[in-house]
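Colleague: model the following, please.
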Amino acid sequence: MSKLAIVVNHDDPGSVFPAFILGSSAVASGDEVIMFYTPGGSLALKKGVLENMSGKGLPVMSELVEGYQLLGGRIMACELCFEAKGFTHEDLRDGIEVVGATTFISEIKDYDLAFTF
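Modeller: Reported below is the predicted structural model:
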């Protein structure tokens, strides 16, 4: 089993879809996966945003997210997103861990692979 970290710096479909496609594939294969959303990507984690993302030939985002989380994939949001982007904890979708960058780094220090989108 490998350990994979995915950092998402942007909230556009061109960044979020690849993160969830790779993350879902890895977690379905039995790998441990953590996605970390920086303030630049954090708006994608607001309730209802991911469900409205679509793209021609791409999987249904809500199914990707649900499968990813059901299989144990973790999603972390940087605590700086609230002040930087002007939303609250209540605005986040369910199942999101709010952490600082140091916590994320500590969690992934022995991980095998990292991707950034």
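Colleague: tell me where the chain has helices.
Modeller: 13-28, 61-70, 81-85, 101-108 (DSSP state H).
Colleague: quick one: the closest residue to V65 other than its chain neighbours from H10, how far?
Modeller: Nearest non-adjacent residue to V65, counting by Cβ to Cβ, 6 or more residues apart in numbering: L50, 5.4 Å away. C-betas here are computed from N, CA, C, even on glycine. Separation of L50 from H10 (Cβ to Cβ, to the nearest Å) stands at 14 Å.
Colleague: more neighbours: the two, which one.
Modeller: L50 (20 against 17; other Cβ atoms under 10 Å).
Colleague: how about the contacts made by that one?
Modeller: By Cβ atoms under 8 Å, 6 or more residues apart in numbering, the contact set of L50 is 16, 44, 61-62, 65, 93.
Colleague: I'd like those laid out as TSV, including neighbour count, distance to K3 and pLDDT.
Modeller: Listed next are these as TSV, based on neighbours: other Cβ atoms under 10 Å; distance: Cβ to Cβ, whole Å; pLDDT from 0 to 100:
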residue	neighbour count	distance to K3	pLDDT
V16	24	21	96
A44	23	23	95
M61	21	24	94
S62	14	26	90
V65	22	20	94
R93	17	24	94
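Colleague: from memory E97 sits against G73, does it?
Modeller: No - if you go by Cβ atoms under 8 Å, E97 and G73 don't touch, sitting 11.5 Å apart.
Colleague: compare those two (neighbour count), which wins?
Modeller: Shown here are E97 and G73; by other Cβ under 10 Å, G73 has more neighbours (24 against 14).
Colleague: can I get the helix or strand bottoming out on mean pLDDT in the chain in CSV? Just the C-alpha atoms.
Modeller: Lowest by mean pLDDT, DSSP states H and E among the helices and strands of the chain is helix 81-85, with a mean of 89. What follows is helix 81-85, C-alpha atoms only, in CSV (Å, rounded to 0.1, in the frame of the first residue of the first chain):
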residue,chain,number,x,y,z
CYS,A,81,-9.1,29.7,3.8
PHE,A,82,-11.7,31.2,6.0
GLU,A,83,-10.2,34.6,6.4
ALA,A,84,-8.6,34.6,2.9
LYS,A,85,-11.8,33.6,1.1
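Colleague: correct me, but R93 touches K47?
Modeller: Yes - using Cβ under 8 Å, R93 is in contact with K47, at 5.0 Å.
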